[in-house]
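*Asks:* Quick one: sequence plus predicted model below, questions after.
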Amino acid sequence: MKIAMVGSGYVGLVSGACFADFGHEVVCIDKDQSKIDRLHEGVMPIFEPGLAELVESNVKAGRLTFTTELKEGIAGAQAIFIAVGTPSRRGDGHADLTYVYAVAEEVGQNLSNDAVVVTKSTVPVGTGDEVERILSASGTSHRVAVVSNPEFLREGAAINDFKRPDRIVIGAEDDFGREVMREVYRPLFLNESPILFVNRRTSELIKYAANAFLATKITFINEMADLCEKVGANVQDVSRGIGMDNRIGAKFLHAGPGYGGSCFPKDTLALLKTAEDYDSPTRIIEAVVKVNDGRKRAMGRKVVDAIGGQDNARGKKVALLGLTFKPDTDDMRDSPSIAVAQALVDCGVEVVAYDPEGMELAKPLMPEVTMASDPYDAIEGADAVAIVTEWDAFRALDLNRVKSLLNAPVVVDLRNIYRADDMRAMGFTYESVGRP
Ligand code: UDX
């Protein structure tokens, strides 16, 4: 089956490469000529483990190609995926659908066969209806079905998430749409991955509801962590204790500096806007967004407290280990490190940072922070080290070396990757999140 993927960013590229790996013929389309040129040279526009290899092998096998020409790319494709960005609209937090609608228009004008148009971009409820309207207004004589098929890919684990999904959600309004999507996902169907067929609006809402629920789970445990610190309880044990209840589940209960990334912050805001527009307030999500926003800077204050509080912070130096919103990505979008760094800079602290992949993208977001060449370079002469992202490289630091390089042996572990007892036994002043 021929599949066209319009938009070769994170979601488009991972999905396109995986579909090709299933044996489909895939064309990834993007307007950005330099991105397509680089893809032709085997250079990935994003950092995602395993992606370069997957792209390379499928290009070699002749199943995966790249182009800037939409008309040529969609010709003969039975499924045309829209996988362009839906950033938060400036000012009001609504998802910006400009790119989605522009693609729908161009597809309508250039369609040369019957096809299913699939929105993979995260789009608010009702977007599929508008895409359908745009396509029929384009005057195409071909049969078109508009389907919603949200992605649930975690950065850093996206290929595995795509190939071994917990579920595939398809929102379709007719048999043509359902049949083509069954064909698209047949290889996974054979693997017994559950496919859930629902109506289009339901599918659109499932994506937001899933992300909002996960954001709520994280925020819930983060507030429990704060309470643990006050009452002398251990949040990791609380997570284990509640997570063993199957109704709750153990995942997404790691307390930390707050969620960031390309999805949770944007999708929670967009869901709030939809709820407002339909006069159906979602107060839990409102609280989640507020609590998470406040938490990021509060984590900066926690680090300031560890170096003696605001009054003693000026002129001190703090090493930040980890800048990306989570490990195994170079993504800096809404990363808690930005607020942590800012809170420190605002107190007159000199901040030196190291991240295995994120420093390039981090630089413009934190111009006052100096980037180091490795963790030890960052730590040298610092009055404290703060672990902000749980990269594997930080789990196995040479702690004796860390201690000897630090000006004062203070470690603030915002991801709870070290054991408090061990750290204190080594002579560190050790602070973590929600643990005594
Ligand atoms: C998320 C969803 O998991 C994915 O299904 C969706 O399609 C896109 O958004 P992603 O943003 O890549 O994926 O990262 P994820 O692993 O979900 O983490 C999001 C944020 O939550 C990170 O900042 C992470 O550090 C934080 N987090 C996650 C916690 O603080 N605690 C947890 O227990 C889990």
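*Replies:* Good, I have the coordinates.

*Asks:* tell me which parts of the stretch 51-200 of the chain are close to the ligand?
*Replies:* Taking Cβ under 6 Å from any ligand atom as the contact definition, the stretch 51-200 of the chain meets the ligand at 151-155. For the C-beta atoms, the positions are set from N, CA and C on the backbone; glycine is no exception.

*Asks:* Please write out the alpha-carbon positions of the helix or strand bottoming out on mean pLDDT in the chain in CSV.
*Replies:* Across the helices and strands of the chain, the lowest-confidence element by mean pLDDT, DSSP states H and E is helix 186-190, at a mean of 86. The C-alpha coordinates for helix 186-190 follow below in CSV (Å, rounded to 0.1, in the frame of the first residue of the first chain):
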residue,chain,number,x,y,z
ARG,A,186,-2.6,-4.9,9.3
PRO,A,187,1.0,-5.8,10.4
LEU,A,188,0.2,-4.6,13.9
PHE,A,189,-3.2,-6.2,13.8
LEU,A,190,-1.5,-9.5,13.2
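
*Asks:* now it, how far from the chain's geometric center?
*Replies:* Distance of helix 186-190 from its chain centroid, counting by Cα atoms, centre = their mean, to the nearest Å, is 26 Å.

*Asks:* on that earlier part again, tell me the buried residues within the residues of the stretch 51-200 of the chain next to the ligand.
*Replies:* Those of those that meet the buried threshold are 151-153, 155, by 16 or more other Cβ atoms under 10 Å.

*Asks:* for these, which one is nearest residue 395?
*Replies:* residue 155 (19.0 Å; Cβ to Cβ).

*Asks:* how about the nearest residue to the closest one, chain neighbours excluded?
*Replies:* Once flanking residues are discounted, residue 155 sits nearest to residue 329: 4.3 Å by Cβ to Cβ, 6 or more residues apart in numbering.

*Asks:* moving C-terminal of the least confident helix or strand of the chain, what's the next helix or strand?
*Replies:* Per DSSP states H and E, the first helix or strand lying C-terminal to helix 186-190 is strand 195-198.

*Asks:* Sheet partners, orientation included, of that following strand?
*Replies:* On the basis of DSSP bridges, the sheet neighbours of strand 195-198 come out as strand 168-171 (parallel).

*Asks:* re earlier: now the buried ones among the residues of the stretch 51-200 of the chain next to the ligand as a markdown table including pLDDT and secondary structure?
*Replies:* Shown next, in a markdown table, are those (pLDDT from 0 to 100; DSSP: H, G, I helix; E, B strand; the rest coil):
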| residue | pLDDT | secondary structure |
| --- | --- | --- |
| 151 | 95 | coil |
| 152 | 95 | coil |
| 153 | 94 | coil |
| 155 | 89 | coil |
